[in-house]
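# I'd like to go over a predicted model; first the sequence, then the structure.
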Amino acid sequence: MLKASLDWIKSNRSFLLVLLCFGLFRTAVADWNPIPSGSMRPTLLEGDVVFVNRLAYDFKLPLSNLVLAHLGEPRRGDVVTFSSPQDGTRLIKRLVAVPGDRVEMRDEILYINGQAAHYEHPEMLTEHLDSGQNLQALRLTERIDGVEHRVQWLKGVQARSSFGPLTVPAGQYLMLGDNRDNSADSRYIGLVPRALLIGRAGRVLVSADIKAHWAPRFERFLQPI
């Protein structure tokens with residue numbers, strides 16, 4: 001049995017080497033991340049698959065959170081994949097506050113270092129939740145400190161719409177979902193240490209509508225985030 005196994009490994013060593021290199025590439029250099037939930041709507045939709053640059057911030061020992069070298073600084077507004085400090089689940093959210101920032105939220109309005117975000121271009125629509133509920137959603141462009149993106153709030157949903165103020169300590173980051181009333185983010189799981197950051201999401205690679213028999217959404221292919 002042992003001889004047969006060794007013979008199989010020897011005869012397939014090229015294939016196994018390719019698999020090893022591919023695995024190391026995905027865990028250390030670049031990766032892709034399927035979007036399973038609506039916590040980042042409207043920026044990301046369920047069924048999107050996004051490209052993740054694992055070298056955007058740190059070079060890590062493959063298959064670990066051990067940082068070998070810092071390559072770049074996380075910036076406010078980045079869409080980031082990370083391991084939840086609560087249970088290790090892989091999440092994707094927007095980085096809202098960096099070390100040293102004083103951040104708070106008052107009735108959904110975000111404040112960074114005493115500056116209130118501006119909210120423009122309102123749009124009302126109906127969101128169809130996985131629970132079967134249909135809720136009204138208000139979407140706006142949130143702009144603060146030169147960074148802007150679309151966010152949304154759901155009517156009738158009880159969420160943590162106020163917190164802080166708090167000052168983000170060194171080596172920690174505050175994350176929020178763009179779908180503010182349907183996101184398990186730093187309001188619930190706490191601040192995220194740098195060692196748990198996986199990478200920066202850059203664009204949607206492919207997308208399929210999981211609620212319409214996985215019909216391709218070609219208009220989202222290769223769309224920048």
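Thanks, I have it.
# my guess is Leu91 contacts Thr81. True?
Yes - between Leu91 and Thr81 there is a contact under Cβ atoms under 8 Å: 7.0 Å. Heads up, the C-betas are built off the backbone N, CA and C, glycines and all.
# between these two, which one's more packed in?
Shown here are Leu91 and Thr81; by other Cβ atoms under 10 Å, Leu91 has more neighbours (25 against 21).
# from Met105, how far out is the nearest residue to Arg160 once chain neighbours are set aside?
Nearest non-adjacent residue to Arg160, counting by Cβ to Cβ, 6 or more residues apart in numbering: Arg187, 4.3 Å away. Counting by Cβ to Cβ, to the nearest Å, the separation of Arg187 from Met105 is 8 Å.
# which residues are in contact with both of these two?
Counting by Cβ atoms under 8 Å, 6 or more residues apart in numbering, the shared contacts of Arg187 and Met105 are Arg160, Phe163.
# got the residue ranges for the helices in this structure?
Counting by DSSP state H, the chain has helices at residues 2-11, 13-28, 186-189.
# worst mean pLDDT among these?
Least confidently modelled of the helices of the chain is helix 13-28, at a mean of 46 by mean pLDDT.
# nearest spatial neighbour of Thr89, chain-adjacent residues omitted?
Nearest residue to Thr89 in three dimensions, chain neighbours excluded: Ser83, at 7.2 Å (Cβ to Cβ, 6+ apart).
# tell me the contacts of the residue nearest in space to the middle of the chain?
Residue closest to the average C-alpha location in the chain (Cα atoms, centre = their mean): Ile92, at 1.7 Å. Applying Cβ under 8 Å, 6+ apart to Ile92 gives the contacts Asn33, Ile35, Ser39, Met40, Leu44, Val50, Val79, Val80, Thr81, Phe82, Ala201.
# ditto for Gln136
Met124, Leu125, Thr126, Glu127, Leu154, Lys155, Gly156.
# partners of the residue nearest to the first one when sequence neighbours are not counted in the sheet?
This points to Met124. Using Cβ to Cβ, 6+ apart and skipping residues adjacent in sequence, the residue nearest Met124 is Leu138, 5.9 Å away. Beta-bridge partners recorded for Leu138 (DSSP bridges): Met124, Trp153.
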